[in-house]
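[1] Here you go, sequence then predicted model.
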Amino acid sequence: MIKKTPETVILLNFGCKDIQKYARAIRAEHIYTMVMPWTVPVERVLQESPVGLIVCRDPQASEHPADLMRFQALNLPLLSVTDLAPAPAIDFCKNTCGCHGLWTVDSFIEEAIQDIREQVGDGTVVLGLSGGVDSSVTAALIHRAIGKKLTCVFVNHGLLRLGEPEQVQKVFRDTFDMNLVYIDASDRFLDKLAGVNEPEKKRKIIGAEFIDVFAEAARGIQAKFLGQGSIYPDFLESIPLDGNPAGVIKSHHNVGGLPEDLKFELVEPLARLFKDEVRAVGRKLGLPEVMIDRQPFPGPSLGVRCVGEIKREYLRMLREADAIFIEELRKSGWYSKTWQSFAVFLPVKSVGMLNGQRHYGYTIALRSILTSDAVTAQVVHLPWELIETVSNRIPQEVEGISRVVFDCTPKPPATIEWE
């Protein structure tokens, strides 16, 4: 359930591929925007009680005069733009539409809490907590609204980063006093992954097993509602760019895959927020900065950063190496300047020197990238002194590693993750 926000401006997407950046620039002025495709019925637009419409067109695309007339007939202030410089739209929103900048973190939290309470009523909510930014902020917000009627399920599948299980439990159980069900299913996952080398098969095993473990826990909790950390880009990227379903960037993740006997109504309080807004809400709710500024982490976790077969010893080396890399990035101030930085374990051995003796150990690859949409990515030019420090520390401090390399391949031709 999402209430209408005052001073809403609708961005109508007539083929503009960078419309997310445009919407975010207007929101930075505390003006709430919603993105809708040009195929949207006018009745849906009117449901939001907008104070104005902005038509965002691709200058290379063909016109849609009949569809544009549908929106002109609404007699709302309307601006048509092809240039993605946001200044004209912000003049428009403030001067023509009369927006005063009422979209703030405080107003969002207050409204979201009210929405959650009205939706849940006397019911209870279960939430799969990963420790990532979106699920953590979702948990904190729902807990602020309904307290102990929320139960979080945190599954340790044995593929988490160093110290992550302890940190998540400390924050949510000890600091926030939430109902937290912690399930250490490490052996269950790693036993099923033993001997599996093919990346897609590993992903499927991890995904299927996670659903089974979560479903077993959810049956015991018997909640009516499922909390999810879906954010606005998840929905925008599931909207066809040109009205054609083939133009969808990705399908919106939801409760697909859960057993038939588990019927949930979704609670998605972050569904209107971009990532930077999610972080701002998390800070306001009191989540620790180390959790709020955490970089994106893949669903299969370290499973896609351990190339080939996943072994417990490989994971130990990967965790320790990754922790050293992140520690040095934070210490040098470069962590916040990168979109994603991480270590990868390569099952490739080479000769090195340790304590004056020849040492035959495995290889760690370092990766650091910048991206705005994860569709393309550029390699971050980290200072050589930083790379040198990390490359010296890892072989000396992580038993079994003899060599460190730096991945300098952009996307494309590479992908962001190694598997």
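    Okay, I see it. Quantities reported herein were computed from a predicted structural model and do not represent experimental measurements.
[2] any idea of the mean pLDDT for the helix or strand harbouring Ile142?
    Assessed by DSSP states H and E, Ile142 sits inside helix 133-146. Mean pLDDT, helix 133-146: 97.
[3] Export stretch 40-50 to PDB, keeping only CA atoms.
    The C-alpha coordinates for stretch 40-50 follow below in PDB (Å, rounded to 0.1, in the frame of the first residue of the first chain):
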ATOM      1  CA  VAL A  40       0.300   4.000 -19.300                       C
ATOM      2  CA  PRO A  41      -3.500   4.600 -19.100                       C
ATOM      3  CA  VAL A  42      -4.400   8.200 -18.200                       C
ATOM      4  CA  GLU A  43      -6.500   6.800 -15.300                       C
ATOM      5  CA  ARG A  44      -3.300   5.400 -13.700                       C
ATOM      6  CA  VAL A  45      -1.600   8.700 -14.000                       C
ATOM      7  CA  LEU A  46      -4.600  10.500 -12.300                       C
ATOM      8  CA  GLN A  47      -4.500   8.000  -9.400                       C
ATOM      9  CA  GLU A  48      -1.300   9.800  -8.300                       C
ATOM     10  CA  SER A  49      -2.900  13.300  -8.300                       C
ATOM     11  CA  PRO A  50       0.100  14.800 -10.100                       C
END
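[4] Okay, helices next: where are they in this structure?
    19-27, 42-47, 65-72, 87-91, 105-120, 133-146, 164-169, 186-193, 199-221, 232-236, 275-284, 289-292, 312-332, 384-397 (DSSP state H).
[5] Wait, Ala223 touches Gly128, no?
    No: at 11.5 Å, Ala223 does not count as touching Gly128 under the criterion of CB atoms under 8 Å. Using the backbone N, CA and C atoms, a C-beta is placed for each residue, glycine as well.
[6] where in the stretch 251-400 of the chain is pLDDT low?
    251-256 (pLDDT under 70).
[7] Quickly compare the helices of the chain and say which is most buried.
    Stretch with highest mean neighbour count among the helices of the chain: helix 133-146 (a mean of 24; mean count of other CB atoms under 10 Å).
[8] Just the CA atoms of that helix, as PDB, please.
    What follows is helix 133-146 as a C-alpha-only set of coordinates in PDB (Å, rounded to 0.1, in the frame of the first residue of the first chain):
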ATOM      1  CA  VAL A 133      21.700  -2.400   2.300                       C
ATOM      2  CA  ASP A 134      18.200  -2.900   0.900                       C
ATOM      3  CA  SER A 135      17.100  -5.800   3.200                       C
ATOM      4  CA  SER A 136      18.700  -4.100   6.300                       C
ATOM      5  CA  VAL A 137      16.900  -0.800   5.700                       C
ATOM      6  CA  THR A 138      13.600  -2.700   5.000                       C
ATOM      7  CA  ALA A 139      14.000  -4.600   8.300                       C
ATOM      8  CA  ALA A 140      14.700  -1.400  10.300                       C
ATOM      9  CA  LEU A 141      11.800   0.400   8.700                       C
ATOM     10  CA  ILE A 142       9.300  -2.400   9.300                       C
ATOM     11  CA  HIS A 143      10.500  -2.900  12.800                       C
ATOM     12  CA  ARG A 144      10.100   0.800  13.500                       C
ATOM     13  CA  ALA A 145       6.500   0.500  12.400                       C
ATOM     14  CA  ILE A 146       5.400  -2.800  14.000                       C
END
